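Chemist: no letters, just coordinates:
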């Protein structure tokens, strides 16, 4: 059970947190404490995935506590801005700040600090805050931020990657003592990509986001793989899992992006109104599956889908 | 007629621009050019008010060109983020960046640069961008930014004023060679507050903003006065003007805040569903008028009104 201290400010990433959501929360809470705001604490509103576990272990960072309900809390949101993707009862919380790199869908009745940049990760933006304020990064925090950049940009392979992400990552790698970023990045992704011991539902929900496209509920999960052997065996099981989720939660469309990092492409497994996928990408979906030359959910899958809804 | 150059990026403030809307656009376009983005140009999407005219004349700055339609344009929005308050056909434009200090109500299908801070003016945020990037401010741009800070904070009297606004204003005053900020600020406000030669409609629309509160259209104008003599004479005429505007445009409620800078309070003239004003502020409205100890539309009038709708 989490101990609630009333004057605390919680920094949280999105539901089903990925490495950027967890590490940017840990780092931004550290940054705020370093500039004198002692009462800022990182939390999470979902389970830690195997990749993030690997990062926390490697840099000896404690797992943020779990925040189950935002009612009456004071929050800083990182790596998301849409209430649909946030902690339970977010609409009953006071939002103090937002730092993000996603599309924007936000409404709040007061002026707040809101910083969003079209960069590869929120962690790049948090690292820039340290550099701007000339605050020395500790090795563990630099390592966490570097890991999150490598994770979110799929080791600089994603279309969302910018020159700025590379520059910042290089600086962080020097501080964190990581000699070979490419090697370290693939190591990270291998920690994430193992499907062993996970149920279909766990795989689907490991990095899953809810969207509201013109009042249609759409869910899009993403997993990354380094080879396709396991997925070949479990494809049918995953499609059944998607179908179950769709019926249970009333989604119009549920998609799982299976992104092959080495081949830099994705297989989309989809159930529900798959005509929307066909319309958005101009390819026909066969047996709930279509291959696309895309890697980024945010930049290459969400915008075309949102447009057809 | 404005000459359209297709590769240009336009920086624009809101409709019915005030000094912060115009000066932050001029300064941010200058900032972008100074960091090497040659194709960035300040525009306006409404008429220059007498206060802003005074500022442009004083610092010998050219009036930005008028942008009548945003279709297919590439835009940077300053001092606003709500499409309701922006240039015509804003939904057909590409939005590149937003810099603002208002409440947030924004949705965009791609990640963009979005910087909002709870400070007294957008110009404070623009000035910080120069300081951060260590770009020397020219006297004219510093003067425009200072004027906008003094204007938006009502010479540091508005509740929206922060310590940061004062610090930045002091730095700008040194560059712009303004010895006495208080004196200069009152001078500015006098340029704005003269109602002479203006029709009721011109007075009402001189700084008027549209809001959508739970799908109810509400319009809130604000004027600043240094003494109440003129307003006493023209109160009835202004209420008739508000009523005409309400009927013409189908507003649920139209308000004119008449803010007395010296007394640091406002008379609200209101037509339409005035029960909402009574509910929001707990005071009864008599003959379409109520006096409140408030000065800020954004911080003290919009939030309580939005809550009761």
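Modeler: Thanks, I have it. Quantities reported herein were computed from a predicted structural model and do not represent experimental measurements.
Chemist: for chain A, which helix is longest?
Modeler: Selection of the longest helix in chain A by residue count, based on DSSP state H, yields helix A:229-249.
Chemist: and that helix, what does it pack against?
Modeler: Taking 3 or more Cβ pairs under 8 Å, 6 or more residues apart in numbering or on different chains; DSSP states H and E as the contact definition, the neighbouring helices and strands of helix A:229-249 are helix A:200-205, strand A:216-225, strand A:253-260, strand A:265-272. To be clear about C-beta, it is placed using only N, CA and C from the backbone, and glycine gets the same treatment.
Chemist: who in the stretch 51-200 of chain A is up against chain B?
Modeler: For the stretch 51-200 of chain A, the residues found near chain B under the criterion Cβ under 8 Å from any Cβ of the partner chain are A:101-118, A:132, A:160.
Chemist: any idea which residue sits dead centre in chain A?
Modeler: With the centre of chain A defined as its mean C-alpha position, the nearest residue by Cα atoms, centre = their mean is residue A:18, 4.1 Å away.
Chemist: pretty sure it sits against residue A:53.
Modeler: No: with contacts defined as Cβ atoms under 8 Å, residue A:18 does not count as touching residue A:53, sitting 11.9 Å away.
Chemist: follow-up on the earlier one: can you tell me how far the closest residue to the residue nearest to the centre of chain A other than its chain neighbours is from residue B:45?
Modeler: Leaving aside its chain neighbours, residue A:18 sits nearest to residue A:207 (5.2 Å; criterion: Cβ to Cβ, 6 or more residues apart in numbering or on different chains). Residue A:207 sits 41 Å away from residue B:45 when distances are taken as Cβ to Cβ, to the nearest Å.
Chemist: if we can go back for a sec, tell me the buried residues in the longest helix of chain A?
Modeler: Of all the residues in helix A:229-249, those buried under the rule 16 or more other Cβ atoms under 10 Å in any protein chain shown are A:231, A:235, A:238-239, A:241-242, A:245-246.
Chemist: show me what the worst-scoring helix or strand of chain A on mean pLDDT is packed up against.
Modeler: Of all the helices and strands that make up chain A, helix A:181-193 has the lowest average by mean pLDDT, DSSP states H and E, namely a mean of 88. In terms of contact count using 3+ Cβ pairs under 8 Å, 6+ apart, helix A:181-193 is assigned the packing partners helix A:50-58, helix A:139-152, helix A:163-176, strand A:216-225.
Chemist: try 6 Å
Modeler: helix A:50-58, helix A:139-152, strand A:216-225 (3 or more Cβ pairs under 6 Å, 6 or more residues apart in numbering or on different chains; DSSP states H and E).
Chemist: wait, doesn't residue A:300 sit right on residue A:293?
Modeler: No: in this structure residue A:300 lies outside contact range of residue A:293 using Cβ atoms under 6 Å: 8.7 Å.
Chemist: which of the two has more residues huddled nearby?
Modeler: For the pair residue A:300 and residue A:293, the greater number of neighbours falls to residue A:300 (19 against 10), based on other Cβ atoms under 10 Å in any protein chain shown.
Chemist: and the helices and strands packed on helix A:229-249 as JSON lines, adding mean pLDDT?
Modeler: Written out in JSON lines, the entries for these read as follows (pLDDT from 0 to 100):
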{"stretch": "helix A:200-205", "mean pLDDT": "92"}
{"stretch": "strand A:216-225", "mean pLDDT": "94"}
{"stretch": "strand A:253-260", "mean pLDDT": "96"}
{"stretch": "strand A:265-272", "mean pLDDT": "96"}
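Chemist: secondary structure class for the closest residue to chain B within the stretch 151-300 of chain A?
Modeler: Chain B sits closest to residue A:298 of the stretch 151-300 of chain A, with a gap of 7.0 Å, by Cβ to the nearest Cβ. Classification of residue A:298 into helix, strand or coil gives helix, according to DSSP: H, G, I helix; E, B strand; the rest coil.
Chemist: hang on, the earlier thing: please identify the deepest-packed of the helices and strands packed on helix A:181-193.
Modeler: Sort the helices and strands packed on helix A:181-193 by mean neighbour count, taking mean count of other Cβ atoms under 10 Å in any protein chain shown, and helix A:139-152 sits at the top with a mean of 28.
Chemist: so which other helices or strands are in contact with it?
Modeler: For helix A:139-152, the elements it packs on are helix A:19-34, helix A:122-132, helix A:163-176, helix A:181-193, judged by 3+ Cβ pairs under 6 Å, 6+ apart.
Chemist: from these, which stretch is densest packed?
Modeler: Counting by mean count of other Cβ under 10 Å, helix A:19-34 has the highest mean neighbour count of these, with a mean of 27.
Chemist: quick check: domain ranges of chain A?
Modeler: Chain A breaks down by automatic domain parsing into domains covering A:9-190, A:200-308.
Chemist: may I see those organised as CSV, with distance to residue B:196 added?
Modeler: Converted to CSV, the domains of chain A look like this (distance: least, Cβ to Cβ, whole Å):
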stretch, distance to residue B:196
domain A:9-190, 34
domain A:200-308, 50
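Chemist: ok, which of these comes nearest residue B:123?
Modeler: Closest to residue B:123 of those, according to Cβ to Cβ: domain A:9-190, at 14.5 Å.
Chemist: any idea how far the closest one is from the chain center?
Modeler: For domain A:9-190, the gap between its own C-alpha mean and the chain's C-alpha mean amounts to 9 Å (Cα atoms, centre = their mean, to the nearest Å).
Chemist: who are the contact partners of residue A:122?
Modeler: Shown in contact with residue A:122 (Cβ atoms under 6 Å, 6 or more residues apart in numbering or on different chains): A:20, A:24, A:78-79, A:99-101.
Chemist: ditto for residue A:141
Modeler: A:27, A:30.
Chemist: same check, this time on residue A:17
Modeler: With contact taken as Cβ under 6 Å, 6+ apart, residue A:17 is in contact with A:44, A:46.
Chemist: ok, the one 4 residues further on next?
Modeler: Contacts for residue A:21 were tallied using Cβ under 6 Å, 6+ apart; they are A:13-14, A:79.
Chemist: can we see that at 7 Å?
Modeler: With contacts defined as Cβ atoms under 7 Å, 6 or more residues apart in numbering or on different chains, the neighbours of residue A:21 are A:13-14, A:78-79.
Chemist: these into JSON lines, with extra columns for pLDDT and neighbour count?
Modeler: Output for these, formatted as JSON lines (pLDDT from 0 to 100; neighbours: other Cβ atoms under 10 Å in any protein chain shown):
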{"residue": "A:13", "pLDDT": "98", "neighbour count": "32"}
{"residue": "A:14", "pLDDT": "97", "neighbour count": "27"}
{"residue": "A:78", "pLDDT": "98", "neighbour count": "31"}
{"residue": "A:79", "pLDDT": "98", "neighbour count": "30"}
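Chemist: columns distance to residue A:59 and secondary structure on top of those residues, output as JSON lines?
Modeler: Putting these into JSON lines (distance: Cβ to Cβ, whole Å; DSSP: H, G, I helix; E, B strand; the rest coil) gives the following:
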{"residue": "A:13", "distance to residue A:59": "17", "secondary structure": "coil"}
{"residue": "A:14", "distance to residue A:59": "21", "secondary structure": "coil"}
{"residue": "A:78", "distance to residue A:59": "18", "secondary structure": "strand"}
{"residue": "A:79", "distance to residue A:59": "18", "secondary structure": "coil"}
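Chemist: taking the residues you listed together, which two end up most distant?
Modeler: Across those, the longest distance by Cβ to Cβ is 8.6 Å; it joins A:14 and A:78.
Chemist: quick check: buried residues in stretch A:108-117?
Modeler: If you call a residue buried by 16+ other Cβ under 10 Å, then stretch A:108-117 has these buried ones: A:108, A:110-112, A:114-117.
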